[in-house]
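Q: Dropping a prediction and its sequence here:
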Amino acid sequence: MTFLEALRERAGRTPRRLVLPEGEDARVRAAADMLREEGLAEPILLGGPSGIEVASDPRLGRVADHLRARRPETVRDAVHALDLAADPVLFGASLVALDEADGCVAGAVASTGQVIRAALWGIGTAPGVDLLSSSFYMAFDDGRVLTFADCGVVPAPTPDQLAQIALAASRDRSRIVGDTPQVAFLSYGTHGSAAGPAIDHVREALAGFQALAPGVVADGELQGDAAIDPEVAHRKAPDSPVQGRANVLIFPDLDAGNIAYKLVQRLAGAVALGPILQGLAHPMSDLSRGATPDDIVRVACIVSLQGAPTAT
């Protein structure tokens, strides 16, 4: 069974309530039909000819109160709160926070910025986490799946932020892929082969991650080949606990991560699933505005699995 097939199979074991707030888009409606017909999720469609009309939904007042309580300094009055609550993406995020849904998938129409702002306002970050970031799941023809982070949100992460990105990615890895995360903090050097501020940055990030997740196998600084090729790792980093078998790759900045995932996608033919938002208190994720119905279904399955209490 391929990773993409396993996503559907595992998500279908416990179909979750997923808000799709862009029901005016035909691709989203098609994805909702697929999710329902295949038993992968219970879609809650907002807008469009077959969706819920947000402006007349009886939960609008609850959502308005929720948004006002979350950011009282931003909301002028009760009328302003209702106007804000009528935004479908913000309404969808709030339904998740209010336990009216288990997750939300948006971005076929809305920009990434709109989706992120709605997620942070309506849902917020998980306890102990103050950073929202993202991962791509790179699925290869040979069955391998690599997590690339962060490739879509945080431009120049500090060492502490890199540690938090790695923590969120490793937690989601076990839920989404179902295996044991092995984390590599990537750089242009391996175990002292180079020196400089950027190397120190990665070493500090590794130390921070090990303090946050002492039970997760992790190493750095590692070059890409030493992270994923056991033979190269044996030569360059024979004492590495990862041993060239990393499946969670943490890039030092957004330039490196974004360039890497696009090159791997185009040159190696990997299927790139993401950006999957991580670090939120409840699952919500973004879509490419060029997403197909199949793309939306795949991301919906990932969001379902993000909400699982443990790996399945």
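A: Happy to help now that I have it. Numbers count the residues shown, from 1 in each chain.
Q: May I see the buried residues of the biggest helix by length in the chain?
A: As assigned by DSSP state H, the longest helix anywhere in the chain is helix 159-176. For helix 159-176, the neighbour count (16 or more other CB atoms under 10 Å) marks 159, 161-176 as buried. For every residue, glycine as well, the C-beta is placed using N, CA and C.
Q: now stretch 29-47
A: When burial is assessed from 16+ other CB under 10 Å, stretch 29-47 yields the following buried residues: 29, 31-32, 34-35, 40-41, 43-47.
Q: now the longest helix of the chain: mean pLDDT?
A: Confidence for helix 159-176, expressed as mean pLDDT, is 94.
Q: got the CA coordinates for the one helix or strand D33 maps to in PDB?
A: Element membership for D33, per DSSP states H and E: helix 26-37. What follows is helix 26-37 as a C-alpha-only set of coordinates in PDB (Å, rounded to 0.1, in the frame of the first residue of the first chain):
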ATOM      1  CA  ALA A  26     -16.500  23.600  -7.700                       C
ATOM      2  CA  ARG A  27     -13.300  21.800  -6.700                       C
ATOM      3  CA  VAL A  28     -14.200  22.100  -3.000                       C
ATOM      4  CA  ARG A  29     -17.700  20.800  -3.600                       C
ATOM      5  CA  ALA A  30     -16.200  17.800  -5.600                       C
ATOM      6  CA  ALA A  31     -13.800  17.100  -2.800                       C
ATOM      7  CA  ALA A  32     -16.600  17.200  -0.300                       C
ATOM      8  CA  ASP A  33     -18.600  14.700  -2.300                       C
ATOM      9  CA  MET A  34     -15.500  12.400  -2.500                       C
ATOM     10  CA  LEU A  35     -14.900  12.600   1.200                       C
ATOM     11  CA  ARG A  36     -18.500  11.700   1.900                       C
ATOM     12  CA  GLU A  37     -18.900   9.000  -0.700                       C
END
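Q: which residues make contact with it from outside it?
A: Applying CB atoms under 8 Å, 6 or more residues apart in numbering, the contact partners of helix 26-37 are 18, 20, 22-23, 40-43, 45, 48-51, 108-109, 291-294, 296-297, 300.
Q: Centre of the chain to it, how far?
A: Its chain's average C-alpha position is 21 Å from that of helix 26-37, according to CA atoms, centre = their mean, to the nearest Å.
Q: Show me the strands in the protein, by range?
A: Taking DSSP state E, the strands of the chain run over residues 16-20, 41-45, 103-105, 133-139, 145-149, 182-186, 217-222, 248-250, 271-278, 284-285.
Q: Next, the contact list for D219, please.
A: Neighbouring residues of D219 by CB under 8 Å, 6+ apart: 183-185, 206, 227, 237, 240-242, 246.
Q: Going by neighbour count, which of those residues comes out on top?
A: The most crowded member of these, judged by other CB atoms under 10 Å, is A227 (32 neighbours).
Q: so what's the residue nearest to that one when sequence neighbours are not counted bridging to?
A: In space, and not counting its chain neighbours, A227 is closest to A184: 3.7 Å by CB to CB, 6 or more residues apart in numbering. A184 has the following beta-bridge partners by DSSP bridges: D219, L249.
Q: contacting residues for A184?
A: Contact analysis of A184 by CB under 8 Å, 6+ apart lists 218-220, 222, 227-228, 242, 246, 248-250.
Q: For those residues, could you give me a markdown table that also reports pLDDT?
A: Shown next, in a markdown table, are the contacts of A184 (pLDDT from 0 to 100):
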| residue | pLDDT |
| --- | --- |
| A218 | 97 |
| D219 | 96 |
| G220 | 89 |
| L222 | 96 |
| A227 | 97 |
| I228 | 96 |
| V242 | 96 |
| A246 | 97 |
| V248 | 98 |
| L249 | 98 |
| I250 | 98 |
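Q: Can you give me the distance of the closest residue to L206 other than its chain neighbours to R70?
A: Nearest residue to L206, sequence neighbours excluded (CB to CB, 6+ apart): G220, at 4.1 Å. Between G220 and R70 the distance is 36 Å, computed by CB to CB, to the nearest Å.
Q: Among the two, which residue is more densely surrounded?
A: G220 (30 against 16).
Q: where's that one relative to Q114, distance?
A: Noted for G220: a distance of 34 Å to Q114, by CB to CB.
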